[in-house]
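A.B. asks: give me a model of this one.
(chains A, B and C)
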Amino acid sequence: MIDLIHDYWLYFLVGRYPDGPLGGLALTVLLASLALVLSLPLGLLLGLARISPWCALRWPVACLIQLVRGVPLLLVIFWAYFFLPSLTGHESGQFGTMLAALVAFDAIYLAEIVRAGVQAVPKGQFEAARSLGLGYVSTMRAIILPQALRHMLPSLVNQFVSTIKETSLGYIIGLSEVSFIASQINGLVLTKPVQVYFLLGLTYFILCFSLSRAAFWLERRQARILKAAA
Amino acid sequence: MFDPQVLLSGDYRDWLLAGLQMSLLLMGMTLLLALPLACVVAMLRLAPSRLLNAVGMLYIELIRNVPLLAHFLFWYFAAPELLPQQWKEQLYAGNIEATSAVVALTLYTAAYMAEDIRSGIRAIPVQQFEAGRALGFSYLQTMRLCILPQALRLAAPPLLSQTLNLWQNTSIATVIGVAELMYQTQRVETASFRSVEAFAFASAAYLAISLLIAGVAFLLQKRLAR
Amino acid sequence: MITFEKVSKYYGSHHALDSISGQVAKGEVLVVCGPSGSGKSTLIRTINRLESIASGRITVAGQDIHAPGLEVNAFRSQIGFVFQQFNLFPHLSVLDNCALAPQRLRGLSRQDAEQRGLDLLDRVGLAHKAKAMPAALSGGQQQRVAIARALAMRPPLMLFDEPTSALDPEMVGEVLQVMRDLAQDGMTMVCVTHEMGFAREVADRVWFMDHGKVLERATPGEFFSRPQHPRARQFLADIRSPWAAAG
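C.D. replies: Numbering: from 1, shown residues only, chains lettered A, B, ... in the order given. This next block holds a predicted model:
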């Protein structure tokens, strides 16, 4: 196994870069981070729309959310793969496709997280703001969202962990993320599948476990702050 | 243009239906195996022994922090190599793709269900447990006969949510060549170039079953609220 | 039937049971009473090892119940225990609640176990509710089923931990009646209860406990008319006060 690591560690970490596009673990992390950053504003908007007092906004969004949650991410990726080029007019490549699919999919799940976060803010906060004369949007922006976002932080980190795991599906459309690279390595070496896939699992484990521990720590810190304030 | 007729006849229809059937089969087999496994892991997590606790925790963390796709790759490419020669041959003679898929899905789903079942068990008042022990039942008998039936009822809503995830996760089995719905959809698309119709069918199929599961969850919620 | 030899149990520095000694003879009905926190529930729960003890010895039918070789489950199946909160299994019907243990632990066939269950339900007056679910029964009915469930294992000893304390007053009588009948049939019983009327009529002996100690042991007649210990006198006075619940 040491030889394996020695020969392929760079390929595993960054793919063919700089002789080719970025790949491997670096691509996985980059893709996940970008997807989270881009899906956050979209998820926020969708979540707010979902709980807004205007039916015309609420119902279509609720239907959209149910629709996307009813189909697997893989299918969303294929939608993007086959139909994005016709929508945008030019080829989007594997990275672009994957990014688009992840942003759309995660935004839907983030919408639910936002909804839960906002609904967790005590109703009294909302009433107090409205009593002062603040409009709905201002209330949201100045009073509710800042509190909600603080509550949502652990869930957001967990969502990031989910996104990292979701990047693995890029394998199926040939994106050179870390699982794909691992299979390439397996194809080159042929005699050590157990070691290759064990190392792949270990990599994901270290990455995701540390992040979920961080989320757990954040949650505990939240609870402590809330208790101290009470 | 969009022409669903293409799908409604001949080979394409057969392929797609076979794929749907396989996906449902994967889900069914996994549920059958994952629920008991999840109960075992949940009880490990609740055991008084710290060692058993740690084993349960390790299982859950190892499974949950690795993507399902990587699990599939491992159980298809790597795990068979670890088996003795005789078993390996038997496996390859049978349907190794589906077997690896069920193993991966079962372990993955059980890891998530275990936590929900654990919450369910913890919600049962300890007096129920005492009543079972007072009658003379052992720890395991009390769990099996008195506590788990109640805990599973309590855990039904989150378990149904996990079933929904499971249904969608069956799509990833395509990566190791299982002829489930996604695989067949791609096959139809490649053969007929009718991507819109093929993916529309797949989307409708996934949605339909998802809505069915959500419907069961909704009805259950109403019944339990009584 | 039961002997206690210097049985003690502590929660930190608090003595839940303070060097309790005593005996319960076969066929005897013992009532243990006292104010809350006196340790009476703890004492009865040590008999079937729902509570552990820190020191001392308890024997049931001559057997040291903490002996290393003792099979605790088999031991427990020989003792009937009735809880304050009934603790029927809500996912099983009334009949199944009674038939479960005989079937699984005594190896009875399903029919035999159900027949036994029905006989016992008849004895407690609830044969007509055999197929009902526990949630459909009143508190008094549930407690009577709980007694039938315990009796289904044909134990030589029955323990009752405040069996009527969780019941509305009008249902107390039906449960006490069942217990009275059991006593008349010669069952060895230890009851923790506040029901002084029951104690007076049915008990052979009364133990008064306070702060983990048995302060007085007497026959019901002696205890209720001429309590010796000052705290026993205080307790009886409190119970009999016009402001206390009827008992």
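
A.B. asks: alpha carbons only for contacts and neighbour counts from here, please
C.D. replies: Will do.

A.B. asks: what about the residue of chain B found nearest chain C, neighbour count?
C.D. replies: With Cα to the nearest Cα as the measure, B:G136 is the residue of chain B nearest to chain C, at 4.0 Å. Using other Cα atoms under 10 Å in any protein chain shown, B:G136 is surrounded by 25 other residues.

A.B. asks: following the helix or strand containing A:A182, which helix or strand comes up?
C.D. replies: A:A182 is part of helix A:178-189 when elements are defined by DSSP states H and E. Later in the chain than helix A:178-189, the nearest helix or strand by DSSP H and E is helix A:193-229.

A.B. asks: that next one and chain B in contact?
C.D. replies: Yes - using Cα under 8 Å from any Cα of the partner chain, helix A:193-229 reaches chain B at A:P193, A:V194, A:Q195, A:Y197, A:F198, A:L200, A:G201, A:Y204, A:F205, A:C208, A:F209.

A.B. asks: could you give me the buried positions within that helix?
C.D. replies: Buried residues in helix A:193-229, counting neighbours by 16 or more other Cα atoms under 10 Å in any protein chain shown, are found at A:193-201, A:203-205, A:207-209, A:211-212, A:215-216, A:218-219, A:222.

A.B. asks: equivalent analysis for stretch B:112-126, please.
C.D. replies: Result for stretch B:112-126 [16+ other Cα under 10 Å]: buried residues B:Y112, B:M113, B:A114, B:E115, B:D116, B:I117, B:R118, B:G120, B:I121, B:I124.

A.B. asks: only alpha carbons, please: show that stretch as PDB.
C.D. replies: Presented in PDB, the C-alpha positions along stretch B:112-126 are these (Å, rounded to 0.1, in the frame of the first residue of the first chain):
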ATOM      1  CA  TYR B 112     -29.000   6.000   8.900                       C
ATOM      2  CA  MET B 113     -32.000   4.000  10.200                       C
ATOM      3  CA  ALA B 114     -30.100   3.000  13.300                       C
ATOM      4  CA  GLU B 115     -30.100   6.500  14.700                       C
ATOM      5  CA  ASP B 116     -33.800   6.900  14.100                       C
ATOM      6  CA  ILE B 117     -34.500   3.600  15.800                       C
ATOM      7  CA  ARG B 118     -32.300   4.600  18.700                       C
ATOM      8  CA  SER B 119     -34.300   7.700  19.200                       C
ATOM      9  CA  GLY B 120     -37.500   5.600  19.100                       C
ATOM     10  CA  ILE B 121     -36.200   3.200  21.800                       C
ATOM     11  CA  ARG B 122     -35.100   6.100  24.000                       C
ATOM     12  CA  ALA B 123     -38.600   7.500  23.800                       C
ATOM     13  CA  ILE B 124     -40.100   4.400  25.400                       C
ATOM     14  CA  PRO B 125     -40.500   4.900  29.200                       C
ATOM     15  CA  VAL B 126     -38.100   2.800  31.200                       C
END
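
A.B. asks: CA atoms of stretch C:79-95 as PDB?
C.D. replies: Provided in PDB are the C-alpha atoms of stretch C:79-95 (Å, rounded to 0.1, in the frame of the first residue of the first chain):
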ATOM      1  CA  ILE C  79     -42.200 -13.700  41.200                       C
ATOM      2  CA  GLY C  80     -45.200 -11.700  40.200                       C
ATOM      3  CA  PHE C  81     -44.800  -7.900  40.200                       C
ATOM      4  CA  VAL C  82     -47.500  -5.300  39.900                       C
ATOM      5  CA  PHE C  83     -46.500  -1.700  39.100                       C
ATOM      6  CA  GLN C  84     -48.100   1.500  40.200                       C
ATOM      7  CA  GLN C  85     -48.400   2.600  36.600                       C
ATOM      8  CA  PHE C  86     -49.700  -0.800  35.400                       C
ATOM      9  CA  ASN C  87     -47.100  -0.900  32.500                       C
ATOM     10  CA  LEU C  88     -49.200  -3.100  30.200                       C
ATOM     11  CA  PHE C  89     -47.600  -3.500  26.700                       C
ATOM     12  CA  PRO C  90     -49.600  -1.100  24.600                       C
ATOM     13  CA  HIS C  91     -48.900  -2.800  21.300                       C
ATOM     14  CA  LEU C  92     -50.400  -6.100  22.500                       C
ATOM     15  CA  SER C  93     -54.000  -7.000  23.200                       C
ATOM     16  CA  VAL C  94     -55.100  -7.700  26.800                       C
ATOM     17  CA  LEU C  95     -55.100 -11.400  26.200                       C
END
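
A.B. asks: before we move on, the earlier item: between the buried residues of stretch B:112-126, which sits nearest A:L10?
C.D. replies: Among the buried residues of stretch B:112-126, B:Y112 lies closest to A:L10 (Cα to Cα), at 33.6 Å.

A.B. asks: gap between the one helix or strand that closest one maps to and the chain center?
C.D. replies: According to DSSP H and E, B:Y112 maps onto helix B:96-122. Taking Cα atoms, centre = their mean, to the nearest Å, one finds the center of helix B:96-122 at 6 Å from the center of the full chain.

A.B. asks: same question for stretch B:5-15.
C.D. replies: That offset, for stretch B:5-15, works out to 29 Å (Cα atoms, centre = their mean).

A.B. asks: what does the average pLDDT come to for that stretch?
C.D. replies: The predicted model assigns stretch B:5-15 a mean pLDDT of 76.

A.B. asks: ends of it, what's the gap?
C.D. replies: This stretch, stretch B:5-15, spans 15 Å end to end (Cα to Cα, to the nearest Å).
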